[in-house]
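> Quick one, what's the 3D model for this:
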Amino acid sequence: MRYLSIATLLMLAAVGLTGCGEGFPDEEMHFGIEDKVRPYAVVIEPPEAAPGESVSVTLLARAPDPEELDITWRVALDYDLGLYEADEVERNYRDLAVPLPVADSDGFLKQTFQWVVPDSALLYSSALPEVLDDPAMVLLAEKLIGPAAGSPPTKSAVDAWLKALTPADLTAMDPLEREATWALADRFACQVRFRATLLTGRVIDVTRNLTIRHTKRLDGPNTNHNAEVINFAVAAVEKENATEEDLNDSGVTKTWYSFIQEGVRLADQVQIPVHSRWTYYLSIRFVQEDYTSPFDPTLLISEDSRNHWYYFRQDDPMSDHQFFVTEDGEEAEMWDLKE
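As a prediction, the model looks like this:
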């Protein structure tokens, strides 16, 4: 019997987390077959904020020797993907003073700090031109703000108008004006980029973007939220190379071990029997959100996700044990892990 914890059965929702650096080995899925530092998530809560609001930034990683790991942080207040998302730039850097990470006996570490969005964050960004040129934003600003927005509307005028609004102001508006205000707040947005540099024998950079806009502050329906996990469970199937169909086959013996069920966290650690000829499935279900399209308010877009799977064998970290295999019994590569 071995204890498997949520920290051990790692699920990375890969959107927004990138890694780069010198000599980064290519064994993507396995924590233990080499002694490298492994960042696996940066979580920002909430994932969008308005100027003046605070967010919590958390780095989750594993290091063979956490005391030898040096982590520095900075944020680029001017981040832009550029035209056709082809000319990515980072400018206007700020170094960040953050608390030291906290690590457990297996080297899994967590580092959390608070950050206040600068009051002029939307004005720093080159993603928003000083004279607005997006037709939808120009039209909305002219209708909502009037001559005070400028002709054509300017970024500073729209920024000042949105900052002055309160949720109570929107409640008092007629429905069409309220919808238009939310539409302007949705579009009048930028991103900042956090960058953590993890230094041991190698240099590893991890980045995560934060959206800056007034949608959440004004109770807009398109407010983005971090994923809320409803179910998190492991299925132990007493069959070698079992397929997904075997999970629903009453003739195949299997046991489900739940960590989170119907949104309730049941346990941090669960005893799960590990056998070399059994198959294990990790099941995740989360709350899926819908958003309206910035080009067509009547169109609903459903949230999607991509998962990358990693594992760490606590009883034998340097083992070459094939934890993930294909239906042919071969060790799975990252691109094999579709579900």
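
> buried sites along the helix or strand that contains residue 233?
Using DSSP states H and E, residue 233 sits within strand 229-237. Using 16 or more other C-beta atoms under 10 Å as the test for burial, strand 229-237 gives 229, 231-237. Placement of C-beta: from N, CA and C, glycine included.

> which of those residues lies closest to residue 99?
Comparing the buried residues of strand 229-237 against residue 99 with C-beta to C-beta places residue 229 closest, at 26.0 Å.

> Paired strands for the strand holding residue 233, with orientation please.
strand 254-261 (antiparallel), strand 279-286 (antiparallel) (DSSP bridges).

> Identify the residues contacting the last one?
Residues outside strand 279-286 that contact it (C-beta atoms under 8 Å, 6 or more residues apart in numbering) are 9, 11, 227-237, 239-242, 244, 246-247, 272, 305, 307, 309, 323.

> moving C-terminal of that strand, what's the next helix or strand?
Taking DSSP H and E, what comes next after strand 279-286 is strand 290-292.

> Neighbouring strands - and their directions - for the following helix or strand past that next one?
Sequence-wise, the next helix or strand downstream of strand 290-292 (DSSP H and E) is strand 300-302. With DSSP bridges as the test, strand 300-302 is paired with strand 290-292 (antiparallel).

> Burial check on residue 185, number of neighbours?
Around residue 185 there are 24 other residues, counting by other C-beta atoms under 10 Å.

> Same question for residue 243.
Residues near residue 243, counting by other C-beta under 10 Å, number 13.

> Grab the nearest non-local neighbour of residue 190.
residue 125 (3.5 Å; C-beta to C-beta, 6 or more residues apart in numbering).

> Report whether the expected contact of the one you found with residue 209 is present.
No - using C-beta atoms under 8 Å, residue 125 makes no contact with residue 209, being 11.8 Å away.

> Next, show the common contact partners of the two.
By C-beta under 8 Å, 6+ apart, the residues touching both residue 125 and residue 209 are 79, 191.

> circling back: for residue 88, find the nearest of the strands paired with strand 229-237.
Counting by C-beta to C-beta, residue 88 lies closest to strand 279-286 out of the strands paired with strand 229-237; the figure is 28.5 Å.

> which one of the buried residues of strand 229-237 sits closest to residue 221?
Nearest member of those to residue 221, counting by C-beta to C-beta, is residue 229, at 22.5 Å.

> Contact partners for the closest one?
Residue 229 makes contact with 260, 263, 284-286, according to C-beta under 8 Å, 6+ apart.

> And residue 178, by the same measure?
Shown in contact with residue 178 (C-beta under 8 Å, 6+ apart): 170-171.

> still on that earlier bit, go ahead and build a ChimeraX selection from the buried members of the contacts of residue 229.
To isolate the buried ones among the contacts of residue 229 in ChimeraX, judged by 16+ other C-beta under 10 Å, type:
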select :260,284
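
> In JSON lines: the contacts of residue 229, plus distance to residue 91 and pLDDT.
Shown next, in JSON lines, are the contacts of residue 229 (distance: C-beta to C-beta, whole Å; pLDDT from 0 to 100):
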{"residue": "260", "distance to residue 91": "41", "pLDDT": "93"}
{"residue": "263", "distance to residue 91": "41", "pLDDT": "91"}
{"residue": "284", "distance to residue 91": "37", "pLDDT": "87"}
{"residue": "285", "distance to residue 91": "40", "pLDDT": "88"}
{"residue": "286", "distance to residue 91": "35", "pLDDT": "88"}
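
> I'd like the contacts of residue 229 as CSV, with distance to residue 76 appended.
Below are those laid out as CSV (distance: C-beta to C-beta, whole Å):
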residue, distance to residue 76
260, 35
263, 35
284, 31
285, 35
286, 29
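
> Contact partners for the residue nearest to residue 190?
Applying C-beta under 8 Å, 6+ apart to residue 125 gives the contacts 77-80, 190-191, 212.

> and the two most separated of those residues?
The distance between the two most remote of the contacts of residue 125 (C-beta to C-beta) is 12.6 Å, for 80 and 212.

> Any chance you could list what contacts stretch 236-256?
Stretch 236-256 is contacted from outside by 233-235, 257, 272-273, 275, 277-281, 325, 327-329, 339, using C-beta under 8 Å, 6+ apart.

> typo on my end, stretch 210-219
Counting by C-beta under 8 Å, 6+ apart, 44, 46-51, 53, 55, 117, 121-122, 125, 162-163, 165-167, 170, 181-182, 185-186, 188-194, 220, 222-224 sit against stretch 210-219.

> List the buried residues for it?
So for stretch 210-219, counting by 16+ other C-beta under 10 Å, buried means 210-218.

> And stretch 65-81, by the same measure?
66, 69, 71, 73, 75-80.

> as a whole number, average confidence for that stretch?
Here stretch 65-81 scores 93 as its mean pLDDT.

> same question, stretch 132-145
Stretch 132-145 shows a mean pLDDT of 94.

> host element of residue 109?
strand 108-116.

> And that strand, what does it pack against?
Secondary-structure packing of strand 108-116 (3 or more C-beta pairs under 8 Å, 6 or more residues apart in numbering; DSSP states H and E): strand 54-62, strand 70-80, strand 102-103.
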